[in-house]
Each structure stands twice: as C-alpha cells, then as structure tokens.
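>>> sequence below, structure please.
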Amino acid sequence: MIHNEDFPRAVEIVKEVIKAKFSMGNLVLIANEEEEIGNMVVPKGMTALATVCAVTINGILLHHRIPVKSRFGGLLQIENHKPLRFTEIIEYSGSSLDPAEIFIKAK
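Here you go, the predicted model:
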C-alpha cells in the first residue's frame with residue numbers, strides 16, 4: 001500500500017527494477033482506493049501495488065504438489081548487474097516474522 005502522493009515515484013522505481021531484471025517477472029497489479037484485492041480493500045488515500053514474489057511461486061508449486069521449504073531471507077548486494085554477496089541474512093526458523101518485513105522496517 002502506497003500513499004497516493006508517493007505512487008508516481010513508486011511506479012518509476014518498480015519500472016527500474018523490472019527493466020534491470022531484478023524482479024520475479026514483469027507482472028504488476030495496481031488497485032486504487034476502495035478497490036478489492038483478494039479479501040482486502042485498499043484504504044482511502046492509498047494505492048496498492050502488487051508484484052510476484054517467492055512466496056507466490058512457492059504457493060503455485062505447492063498447489064501442484066511440489067514441496068518447497070524456504071530457509072532464508074536476505075539482502076543481496078549487486079554490482080555491475082551481478083550478485084556479489086548477501087549483506088544480511090535471516091533464517092526463517094529463527095524468526096516469527098517474515099525476513100523481508102524485518103528488512104523493510106529496518107530501512
């Protein structure tokens with residue numbers, strides 16, 4: 001969920017990420033205030049922006065009876081469009097929160 005006034009900048013950032021091929025694809029869902037996405041309604045003053053993530057891919061694989069066990073979440077350092085190293089990593093079993101949420105909240 002993104003405040004409406006921040007949405008144009010957010011879209012530009014997402015475009016850059018997709019163009020650089022750092023995303024899980026190029027599909028993006030945009031929902032305006034008071035529109036429904038699944039079982040949630042976008043609050044007034046906000047716009048929702050959704051992309052495919054590893055959790056989505058895991059769900060699709062599980063739906064087709066292909067077991068997946070995610071073990072880590074982390075921040076990957078990229079230089080010259082190539083992965084260099086993980087600068088931070090959290091094991092899922094060591095946290096009750098999604099590592100991505102922890103990294104986002106920590107800025």
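>>> what bits of the chain have low per-residue confidence?
Within the chain, no range satisfies pLDDT under 70.
>>> report the contact partners of the residue most central in space within it.
In the chain, the C-alpha nearest the mean C-alpha coordinate belongs to residue 53, at 5.3 Å (CA atoms, centre = their mean). Going by CB atoms under 8 Å, 6 or more residues apart in numbering, residue 53 touches 24, 100. All C-beta spots, glycine's among them, are computed from the backbone N, C-alpha and C.
>>> can you list the strands that the longest strand along the chain pairs with?
Secondary structure of the chain per DSSP state E: the longest strand is strand 82-91. Strand 82-91 pairs in its sheet with strand 72-79 (antiparallel), by DSSP bridges.
>>> roughly how far out does the strand it pairs with sit from the chain middle?
13 Å (CA atoms, centre = their mean, to the nearest Å).
>>> what comes up buried for it?
residue 73 (16 or more other CB atoms under 10 Å).
>>> ok, and what's touching that strand?
Contacts of strand 72-79 (CB under 8 Å, 6+ apart): 22, 83-92, 98-100, 102-103.
>>> rerun at 7 Å
If you take CB atoms under 7 Å, 6 or more residues apart in numbering as the criterion, strand 72-79 is touched by 83-92, 98-100, 103.
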